[in-house]
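Novice: Sequence below, structure please.
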Amino acid sequence: MHIAIAGNIGAGKTSLAELIAKHYNWEAHYEDVIDNPYLDDFYTHMERWSFNLQVYFLKSRFQQLLAFQNNKKTIVQDRTIYEDAFIFAPNLNAMGLMNQRDFKNYRELFDLMESLIEGPDLLIYLRSSIPNLVNKIHKRGREYENSISIDYLSRLNERYEAWISAYDKNKMVIIDVDDLDFVENKDDLGTVLAEIDKGLGKIV
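Specialist: Numbering: from 1, shown residues only. Now for the predicted structure:
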């Protein structure tokens with residue numbers, strides 16, 4: 001099976017991927033942020049580096065998806081290729097940080113890739129308010145994220161909600177994480193696992 005975790009910056013995707021991979025004995029695959037050569041430059045000068053960054057993420061996630069096809073284990077993926085195409089890239093375009101020519105090129109590249117892949121068997125969407133996201137981002141202290149604005153996060157959240165409301169690839173579980181600390185609180189983790197179990201039960 002292919003399980004994917006979606007959610008805005010700071011929602012807890014990586015932490016949850018680690019925890020459920022351990023709990024279910026799944027194989028976790030994470031977003032390429034450590035070796036990403038564009039992240040620092042992007043947050044310093046978004047307009048200059050937005051296209052480069054989005055193409056890098058698109059390439060990286062497409063590579064992951066191709067590798068999953070030959071993997072017999074159950075995979076849990078930190079962020080999906082759809083979030084790049086339906087949330088981050090169009091948001092940059094709407095903000096004037098990715099020009100129309102680059103955005104058109106990007107979407108045509110995504111459309112080509114999408115024709116060769118399938119959606120995850122189960123999507124886990126971590127829904128979060130902006131104050132909670134800001135708190136989590138500050139707490140983890142990634143230097144390149146210091147310049148992320150509340151306006152930017154709010155725009156992303158609006159696009160996430162629009163995408164989720166129309167999501168039709170496969171089964172989905174929505175978890176509101178505002179009042180949950182599944183990293184530090186075992187009861188909260190149990191609540192999350194119970195919701196995931198319900199979602200897994202719907203997969204035929």
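Novice: And for stretch 105-122, what's in contact with it?
Specialist: Here stretch 105-122 makes contact (C-beta atoms under 8 Å, 6 or more residues apart in numbering) with 1-4, 51, 54-55, 58, 62, 65-66, 77, 80-82, 84-85, 89, 98, 169-173, 196, 199-200, 202-203. Yep, even glycine has a C-beta here, placed from its N, CA and C like the rest.
Novice: Buried ones only from those, please, as a ChimeraX command.
Specialist: Those of the contacts of stretch 105-122 that count as buried under 16 or more other C-beta atoms under 10 Å are selected in ChimeraX with:
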select :2,3,4,51,54,55,58,62,65,77,80,81,82,84,85,89,98,171,172,173,196,199,200
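Novice: for the chain, what's the longest helix?
Specialist: helix 46-68 (DSSP state H).
Novice: Quick one: list the elements packing against that helix.
Specialist: Judged by 3 or more C-beta pairs under 8 Å, 6 or more residues apart in numbering; DSSP states H and E, the packing partners of helix 46-68 are helix 39-44, strand 75-78, helix 81-83, helix 89-94, helix 100-114.
Novice: residues contacting K198?
Specialist: K198 sits next to V173 when contact means C-beta under 8 Å, 6+ apart.
Novice: Can I take it that it is in a helix?
Specialist: Yes. Remark: K198 belongs to a helix, assigned using DSSP: H, G, I helix; E, B strand; the rest coil.
Novice: Show the backbone phi and psi for the closest residue to I174 other than its chain neighbours.
Specialist: Leaving out its chain neighbours, the residue that sits closest to I174 by C-beta to C-beta, 6 or more residues apart in numbering is Y125, at 4.8 Å. Note on Y125: backbone dihedrals following degrees, to the nearest 10 are phi -100, psi 120.
Novice: out of the helices and strands packed on helix 46-68, deepest packed?
Specialist: Scoring those by mean neighbour count under mean count of other C-beta atoms under 10 Å gives strand 75-78 as the most buried, with a mean of 24.
Novice: what's next to that one, contact-wise?
Specialist: By C-beta under 8 Å, 6+ apart, the surrounding residues in contact with strand 75-78 are 1-5, 13-14, 17, 20-21, 24, 26-31, 64, 68, 120.
Novice: Select only the buried ones of the residues you listed in PyMOL?
Specialist: In PyMOL, a selection of the buried entries from those looks like this (16+ other C-beta under 10 Å):
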select buried, resi 2+3+4+5+13+14+17+20+21+24+26+28+29+30+31+64+68+120
